[in-house]
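S.K.: please work out how this folds:
(2 chains)
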Amino acid sequence: MAQQVVGTKSGQRHSRDWVVGQIGKVSLLYLIVAIGAIASMFPFFWTVVSSGKTISELYRYPPTFWPESTQFVKNYSEVWSAVPFGRWLLNTAWVTTWALIGGTLSSAIVAYGFSRFRFPGRDLFFVITLGTLMLPVEVTLIPTYLLFSKFNWIDTYYPLIVPAWFGGGAFNIFLMRQFLLGIPYDLDEAARIDGANSWRILWQIILPLSKPALATLATLGFIGNWNNFLGPLIFLNTESKYTVAVGLRYLQSTFAGGSAVVSRPQDHLLMAAALMVALPCLILFFVGQRYFVEGIATTGLKG
Amino acid sequence: MTSQDSSSALSATAPLPKQRVKMSAARRREAIEGILYTSPWIIGFLVFIAGPLLASLYLSFTKYNVLRPAKFIGLTNYIFAFTNDPLFLPSIGRTFYFALASVPLAMIGSLFVAILLNQKLVGTTVWRTMYFLPTLTPIVAAALLWRWMLNPDVGLINFLLDKIGIEGPGWLSSTTWAIPSLVLMGLWASVGGSRMIIFLAGLQDVPTEMLEAAEIDGAGTWAKFWRITLPMITPTVFFNLVLGIIFALRTFDIAFVATAGGPARATWFISLHIYQNAFTSFDMGYASALAWVFLLLILLLTLVQFRLSGRWVYYAGER
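M.R.: Residues are numbered from 1 along each chain as shown, chains lettered A, B, ... in the order given. Down below sits the predicted model:
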């Protein structure tokens, strides 16, 4: 058993065992991966199912795994008529667009400054910038709120958009800088010899080469802003100005039952609304997936 | 520009006054340009981070309810927090309980998923997407969706538990099970997310020659993992651990939406306590003091982790 001669009968039997063992291992692997994937996806499926049920079927026990009398259209349109859902979607799209443009563009410019120019205090400031990742928002939120109320910006979208235009935050700057450090400095030099100034180098050489990183930031920015909850919760008061995240929270209290609007909980409508809020991010992920995964991976590399 | 750069090496040995002025002019120009490009963030940092940080430190020594001017009251807020606020210390305990329960599970879970997805699987992208989707769900939506699944009477989870003969708990409506429920929800929402992808990147950086050499020496899968893979990815583990603890301690959205801090304050975390004092009671001075205690706690904890990291984190490129 210990000695193996290539081509002997015992050698072949050994390899057959080995093959059987490998098949067993591989199928076990796929089984575990599939179980995990199902656990990840099942809540979505259950939300879809619940959002198409009638209210009496929804609260029936045992639960049904597919609506007996489907009323998807009725439930979804009920959400749209019960609250200004379309308005909320537009609000969210507006805030998200401007915040992500600002966050992406300004972080690219700032990262250009950090990666291509030497100035006193640069490295220390960069370390401090990274340190801000650890700050709990609570510490800066109160004075920021007071500042914005001095500007009369409460219940407007400015608090959700304007800060993004000032560098887009430490995470964006870090990710962009990591990427820019990978672009050879020779390119800058060559352009400079040809008479280009640094602003032109940024726009005509650096940014076109940074498309993958910019796409990553845009995707992350979309998801971060779309899902932002605390910001809109604090800065927006008027119902018609809500973004979908706070709108959903508002729906939760409206549809909880025992109110003037509904006497019983309306969880099927809540599920329909939750799904509609999540959908744009899910769609975007399929579009920008490649950039998304790569972007996160490069950030974590030399943490 | 390049000619100037190369002559700078010469000028170091033989300083020529005139040329030196020219050199530093170029350097000064570079510095000015660099600062100009960085200026949006310098301003943003001062206005939205450093300024507010100092302002909240000042506010923490005052009584301030927005309507009347802030009144300096010394350490009163801090003393009140530790001696008279019946909710503050328990909220810290609860927050740490949540972090202690969720961080190890999240770390092990994400690493496990990363190892799975690092195998040569057919349809890697599809699997990765399926694991990643929960992360993209807005936390408000995730909270609502799980609230419904965990409904004690007609929820799916308790129905399935009932099927295998277990009587399900009250989940979010039970004081004992509320935090474990949030841990479960957080785990679902994050296990396949960026933490996992960072692990995946770390795993892909482990040199294959090293693993192959170990295999030739007769190391099994288990030995290879413990002796090579794990030590090689300790920087990634450290990165995820530090950020994971901070994020767990900061948990707000999910508790705010799924339980609103209840039942009977069972999920009343420090972040909710600060929010409530600041934006419901408008006791801005007191809330600032709480935020500063919270900040110092996080800083201390992070510092300890950095100190301890020398003992277990291995940097391959360390000089």
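S.K.: got the domain boundaries for chain A?
M.R.: Chain A breaks down into these domains under automatic domain parsing: A:9-73, A:75-301.
S.K.: need the ones you listed in CSV (columns: distance to B:Ile216 and mean pLDDT).
M.R.: (Glycine included, C-beta is placed from N, CA and C.) Converted to CSV, those look like this (distance: least, CB to CB, whole Å; pLDDT from 0 to 100):
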stretch, distance to B:Ile216, mean pLDDT
domain A:9-73, 17, 84
domain A:75-301, 28, 88
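S.K.: same list (those domains) but as a markdown table, adding mean neighbour count and distance to B:Phe247.
M.R.: Formatted as a markdown table, the domains of chain A follow (neighbours: other CB atoms under 10 Å in any protein chain shown; distance: least, CB to CB, whole Å):
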| stretch | mean neighbour count | distance to B:Phe247 |
| --- | --- | --- |
| domain A:9-73 | 14 | 20 |
| domain A:75-301 | 19 | 10 |
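S.K.: adding distance to B:Thr221, write the ones you listed out as CSV.
M.R.: Below are the domains of chain A laid out as CSV (distance: least, CB to CB, whole Å):
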stretch, distance to B:Thr221
domain A:9-73, 9
domain A:75-301, 24
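S.K.: among these, which is nearest chain B?
M.R.: domain A:75-301 (2.6 Å; CB to the nearest CB).
S.K.: could you say which helix or strand holds A:Ala272?
M.R.: Assigned by DSSP states H and E, A:Ala272 belongs to helix A:267-301.
S.K.: residue contacts, A:Thr104?
M.R.: Listed by CB atoms under 8 Å, 6 or more residues apart in numbering or on different chains, the contact set of A:Thr104 reads A:Gly168, A:Asn172, A:Leu214, A:Leu217, A:Ala218, A:Gly221.
S.K.: give me that answer again for 7 Å
M.R.: With contact set as CB atoms under 7 Å, 6 or more residues apart in numbering or on different chains, A:Thr104 has these partners: A:Gly168, A:Leu214, A:Leu217, A:Ala218, A:Gly221.
S.K.: so which strand or helix has it?
M.R.: Applying DSSP H and E, one finds A:Thr104 within helix A:85-116.
S.K.: now swap in A:Leu214 and tell me
M.R.: Using DSSP H and E, the element containing A:Leu214 is helix A:211-227.
S.K.: who are the packing partners of that helix?
M.R.: helix A:85-116, helix A:170-181, helix A:267-301 (3 or more CB pairs under 7 Å, 6 or more residues apart in numbering or on different chains; DSSP states H and E).
S.K.: turn these into JSON lines, columns for distance to B:Glu33.
M.R.: Compiled in JSON lines, the helices and strands packed on helix A:211-227 are given as follows (distance: least, CB to CB, whole Å):
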{"stretch": "helix A:85-116", "distance to B:Glu33": "8"}
{"stretch": "helix A:170-181", "distance to B:Glu33": "15"}
{"stretch": "helix A:267-301", "distance to B:Glu33": "26"}
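S.K.: what lies in contact with the following helix or strand past the helix holding A:Leu214?
M.R.: Next helix or strand after helix A:211-227 toward the C-terminus (DSSP H and E): helix A:230-235. Helix A:230-235 is contacted by residues A:137, A:145, A:148, A:154, A:159-160, A:242-243, A:245-246, B:252-253, B:279 when judged by CB under 7 Å, 6+ apart.
S.K.: residues from the stretch 151-300 of chain A in reach of chain B?
M.R.: Neighbours of chain B within the stretch 151-300 of chain A, by CB under 7 Å from any CB of the partner chain: A:163, A:166-167, A:173, A:189, A:192-193, A:198, A:223, A:226-227, A:229-230, A:234, A:245, A:248-249, A:252, A:267, A:270-271, A:274, A:277-278, A:281-282, A:285, A:289, A:293, A:296-297, A:300.
S.K.: what is the subsequent helix or strand relative to the lowest-mean-pLDDT helix or strand in chain B?
M.R.: Between all helices and strands in chain B, the lowest mean by mean pLDDT, DSSP states H and E belongs to helix B:2-13, at a mean of 41. Counting by DSSP H and E, the element after helix B:2-13 in chain order, helix or strand, is helix B:17-45.
S.K.: could I get the buried residue list for the helix or strand that comes right after that following helix?
M.R.: Using DSSP H and E, the helix or strand that directly follows helix B:17-45 along the chain is helix B:51-59. Neighbour-count burial for helix B:51-59 flags B:Pro52, B:Leu53, B:Ala55, B:Ser56, B:Leu57, B:Leu59 (criterion: 16 or more other CB atoms under 10 Å in any protein chain shown).
S.K.: near chain B, which residues of the stretch 1-150 of chain A?
M.R.: Neighbours of chain B within the stretch 1-150 of chain A, by CB under 7 Å from any CB: A:29, A:32-33, A:36-37, A:40-41, A:43, A:46-47, A:50, A:59, A:61-63, A:106, A:109-110, A:112-114, A:117-120, A:122, A:132, A:134, A:136, A:138-140, A:142-144.
S.K.: touching chain A at all, the longest helix along chain B?
M.R.: Longest helix in chain B, counting residues (DSSP state H): helix B:88-118. Yes: applying CB under 7 Å from any CB, one finds helix B:88-118 in contact with chain A at B:Val113, B:Leu116.
S.K.: in the stretch 201-319 of chain B, where is pLDDT below threshold?
M.R.: Within the stretch 201-319 of chain B, the stretches with pLDDT under 70 are B:316-319.
S.K.: tell me which stretches of it form helices.
M.R.: In the stretch 201-319 of chain B, the helices defined using DSSP state H, counting those that start in this stretch lie at B:208-216, B:221-224, B:230-232, B:234-250, B:253-258, B:270-279, B:284-312.
S.K.: would a markdown table of those with distance to chain A and mean neighbour count be doable?
M.R.: Output for those, formatted as a markdown table (distance: least, CB to the nearest CB, whole Å; neighbours: other CB atoms under 10 Å in any protein chain shown):
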| stretch | distance to chain A | mean neighbour count |
| --- | --- | --- |
| helix B:208-216 | 14 | 11 |
| helix B:221-224 | 9 | 12 |
| helix B:230-232 | 13 | 16 |
| helix B:234-250 | 3 | 20 |
| helix B:253-258 | 5 | 23 |
| helix B:270-279 | 5 | 23 |
| helix B:284-312 | 4 | 17 |
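S.K.: how about a markdown table for those, with distance to B:Pro104 added?
M.R.: Supplementary listing: the helices of the stretch 201-319 of chain B in a markdown table, determined by distance: least, CB to CB, whole Å:
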| stretch | distance to B:Pro104 |
| --- | --- |
| helix B:208-216 | 26 |
| helix B:221-224 | 20 |
| helix B:230-232 | 15 |
| helix B:234-250 | 9 |
| helix B:253-258 | 18 |
| helix B:270-279 | 20 |
| helix B:284-312 | 14 |
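S.K.: out of the ones you listed, flag the one nearest B:Gly193.
M.R.: B:Gly193 sits nearest to helix B:234-250 of all the helices of the stretch 201-319 of chain B, at 10.9 Å, using CB to CB.
S.K.: could you say what helices and strands that closest one packs with?
M.R.: Packing partners of helix B:234-250 (3+ CB pairs under 7 Å, 6+ apart): helix B:88-118, helix B:194-204, helix B:284-312.
S.K.: how about the ones you listed, which one is nearest B:Leu184?
M.R.: helix B:88-118 (9.1 Å).
S.K.: so how far is that closest one from its chain's centroid?
M.R.: Relative to the chain's own centre, helix B:88-118 is displaced by 11 Å; criterion: CA atoms, centre = their mean, to the nearest Å.
S.K.: go on, stretch A:204-212?
M.R.: Its chain's C-alpha centre and that of stretch A:204-212 lie 23 Å apart, by CA atoms, centre = their mean.
S.K.: can you check the distance spanned by that stretch, start to finish?
M.R.: Chord length of stretch A:204-212, first to last residue, is 16 Å (CA to CA, to the nearest Å).
S.K.: so who does B:Asn116 touch?
M.R.: No, residue B:116 isn't Asn; it's Leu. Contacts of B:Leu116 (CB under 7 Å, 6+ apart): A:Ile32, A:Val33.
S.K.: to clarify, my last question referred to A:Val33.
M.R.: B:Leu116, B:Leu121, B:Trp127.
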